[in-house]
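Trainee: my questions concern the predicted model and sequence given below.
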Amino acid sequence: EFYPPPSKEKHYLHQTIFPIKTEKGYRIATLTEDITERKRVEQELRETNELLRAIIEAAPTAIIGLDLEGRVHTVWNPAAEKMLGWSAQEAMGNFLPSVPVEKEDEFRRFRDLIRSGQTLNGIEVQRQKRDGTPIDYSIYASALHNPEGQITGNVAVLVDITERKRAEQERLAHLRFFECMDQINRAMQGTNDLEQMMRDVLDATLAIFDCDRAWLVYPCDPEATLWQVPMERTRPEYPSVLPLGVELPMDPAGATVFRILRGATGPVKFGPRSERPVPVEIAQGFRVQSFIAMAIYPKVGKPWVFGLHQCSYPRVWTAEEERLFQEIGRRLSDALSSLLMYRDLQESEAKFSTAFRSSPSALSVSSAQNRIYLDVNESFLQATGYARAEVVGHTSAELNLWAEPEQRARYRQLLEEHGSVHNFECAFRRKNGEVG
């Protein structure tokens, strides 16, 4: 170091001293080189490297360096340690530990892109942490070059997107849930026919879950001696095994399943990764590898069973599928309640109509509000001499049926006070004026 006059700036010199042999003996030779600029550049480089090191160390996102073979090289910052779980000491010199075996081919393709001089700009991948839990992150990587310009590896920024992906999956699952329930609702609301509704709902369910069979069984009663399949929809490859609507004797395997379903508060899964295996009798008799079922409780009659079969492979039913299946079952129970009551009402009305029409007694149905006749039977028409068109839509007062008006007033009073009238004797006037 020296300060050459008149400058007061520090300069750096590099001197090389060596002997030179001459005719007069050895002399000392000195080569002096001003290396001030080189020192300045080296100092700036050290400062830049220190700044980069500080930035990398303080960065909130993971930054790593890799060679062309995928080994960790030079960089593994604290954020990488926190995000992935391996310390820098554990990672350095080793194959990138977050890459599971099944993802090695994908990782090799990324390295090939780096070798060709390309960059990775936000490629989303799924990897694993040290504890084995999955992690989703985006990769931003560019090549590193040596002084000769050859690519020697890459530096990569890894951005944890696990929460974002989870939120996206939840949003998509939420959207799919409502789309599926819309299909089910349209199937339920499309008809008042019980069999058609069951057929349409099971068809929609079969498509939604992409399973092999969707079915309903009645009753879900382990103590019952007989049971039947009111409706089943299947894929062509796995047709129905049992006839629809035919009562079959209860077997021990069926009673066991019914007992399990009645004791559960929601769907029950049978098959791989579930608490219960598929019963041997069901697996062999129905070619089933896994199934999910639940008891549903319409407000009419005994409980039913709603279920899905997977025959083509040992399906593992996900939590999302279980939630969707349970909601379909709940709404199916409501739909069955409505249509079973509607069917019973129709049957009751049919029985009433038959009894009403064929009764030998004169019967009529009139409005409680305005006393207009709504319907009369044939015996009424024969007793009064009127045709149906002359009676329906009119009142007894308009037809002058009551021979004594005070009897009509007394009858109405009793009806209003007690809600019904029994053994009330009165005189009626026929159409031709005769009183009977």
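Mentor: All right, it came through fine.

Trainee: other SSEs contacting the strand of greatest length in the chain?
Mentor: Across the chain, the strand with the greatest residue count (assigned by DSSP state E) is strand 134-145. Contact analysis of strand 134-145 by 3 or more Cβ pairs under 8 Å, 6 or more residues apart in numbering; DSSP states H and E lists helix 78-84, helix 104-115, strand 120-128, strand 151-160, helix 162-189 as its packing neighbours. (Glycine included, C-beta is placed from N, CA and C.)

Trainee: give me the contacts around it.
Mentor: If you take Cβ atoms under 8 Å, 6 or more residues apart in numbering as the criterion, strand 134-145 is touched by 62, 65, 83-84, 98, 110, 114-115, 117, 119-129, 151-162, 164-165.

Trainee: list only those of those residues flagged as buried.
Mentor: 62, 65, 83-84, 98, 110, 114, 120, 125, 127-128, 153-161, 165 (16 or more other Cβ atoms under 10 Å).

Trainee: and the helices and strands packed on strand 134-145 as TSV, adding mean pLDDT and distance to Ser366?
Mentor: Below are the helices and strands packed on strand 134-145 laid out as TSV (pLDDT from 0 to 100; distance: least, Cβ to Cβ, whole Å):
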stretch	mean pLDDT	distance to Ser366
helix 78-84	96	81
helix 104-115	95	81
strand 120-128	95	74
strand 151-160	95	77
helix 162-189	93	34
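
Trainee: okay if I get those as TSV plus distance to Gln289?
Mentor: Formatted as TSV, the helices and strands packed on strand 134-145 follow (distance: least, Cβ to Cβ, whole Å):
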stretch	distance to Gln289
helix 78-84	37
helix 104-115	30
strand 120-128	27
strand 151-160	37
helix 162-189	23
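
Trainee: by residue count, what's the longest helix in this structure?
Mentor: For the chain, the helix that runs over the most residues, judged by DSSP state H, is helix 319-358.

Trainee: contacting residues around the residue nearest the centre of the chain?
Mentor: In the chain, the C-alpha nearest the mean C-alpha coordinate belongs to Glu320, at 4.0 Å (Cα atoms, centre = their mean). Counting by Cβ under 8 Å, 6+ apart, Glu320 touches 173, 177.

Trainee: any idea of the pLDDT on it?
Mentor: Listed pLDDT for Glu320 reads 93.

Trainee: what's the spacing between it and Ala293?
Mentor: 18 Å (Cβ to Cβ, to the nearest Å).

Trainee: check Leu172 too.
Mentor: 27 Å.

Trainee: of those two, which one has the most company?
Mentor: Ala293 (24 against 11; other Cβ atoms under 10 Å).

Trainee: the more buried one: helix or strand, and which one exactly?
Mentor: Per DSSP states H and E, Ala293 falls inside strand 290-296.

Trainee: what comes into contact with that strand?
Mentor: By Cβ under 8 Å, 6+ apart, strand 290-296 touches 220, 257-258, 261-262, 264, 266-272, 274, 278, 282, 303-310, 314-317, 321-322, 325-326, 329-330, 332-333, 336.

Trainee: buried among those? Make that a PyMOL selection.
Mentor: Filtering those down to the buried ones (16+ other Cβ under 10 Å) takes a single PyMOL command:
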select buried, resi 220+257+258+261+267+268+269+270+271+278+282+303+304+305+306+307+308+309+310+315+317+321+322+325+326+329+332+333+336
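
Trainee: quick one: which of the contacts of strand 290-296 sit in helices?
Mentor: Going by DSSP H, the helices hold 257-258, 261-262, 282, 321-322, 325-326, 329-330, 332-333, 336 from the contacts of strand 290-296.

Trainee: could these be laid out in CSV, adding distance to Ala427?
Mentor: Shown next, in CSV, are these (distance: Cβ to Cβ, whole Å):
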residue, distance to Ala427
Val257, 67
Phe258, 62
Leu261, 64
Arg262, 61
Ile282, 72
Glu321, 73
Glu322, 71
Phe325, 67
Gln326, 65
Gly329, 61
Arg330, 59
Leu332, 57
Ser333, 55
Leu336, 51
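
Trainee: for Thr32, state which of those residues is nearest.
Mentor: Glu321 (82.6 Å; Cβ to Cβ).

Trainee: mind pulling up the pLDDT for the nearest residue to the closest one once chain neighbours are set aside?
Mentor: Excluding its sequence neighbours, the residue lying closest to Glu321 (Cβ to Cβ, 6 or more residues apart in numbering) is Phe209, at 6.6 Å. What the model reports as pLDDT for Phe209 is 97.

Trainee: what do you get for Tyr3?
Mentor: Tyr3 is assigned 55 on the pLDDT scale.

Trainee: one more: Lys8?
Mentor: pLDDT, read off for Lys8, is 65.

Trainee: ok now stretch 323-330, how far from the chain's centre?
Mentor: On the basis of Cα atoms, centre = their mean, to the nearest Å, stretch 323-330 sits 10 Å off its chain's mean C-alpha point.

Trainee: and if you look at stretch 264-284?
Mentor: Using Cα atoms, centre = their mean, the offset of stretch 264-284 from its chain centre is 20 Å.

Trainee: quick check: mean pLDDT of it?
Mentor: 95.

Trainee: now the terminal residues of it, how far apart.
Mentor: 25 Å (Cα to Cα, to the nearest Å).

Trainee: can I assume Ile328 is in contact with Thr205?
Mentor: Yes - contact criterion Cβ atoms under 8 Å: Ile328 and Thr205 qualify, at 6.1 Å.

Trainee: which one's more surrounded, the two?
Mentor: When Ile328 and Thr205 are compared for neighbours, Ile328 comes out ahead with 29 against 25, by other Cβ under 10 Å.

Trainee: any idea how far that one is from Ala187?
Mentor: 10 Å.

Trainee: go on, Asn49?
Mentor: Distance from Asn49 to Ala187, by Cβ to Cβ: 68 Å.
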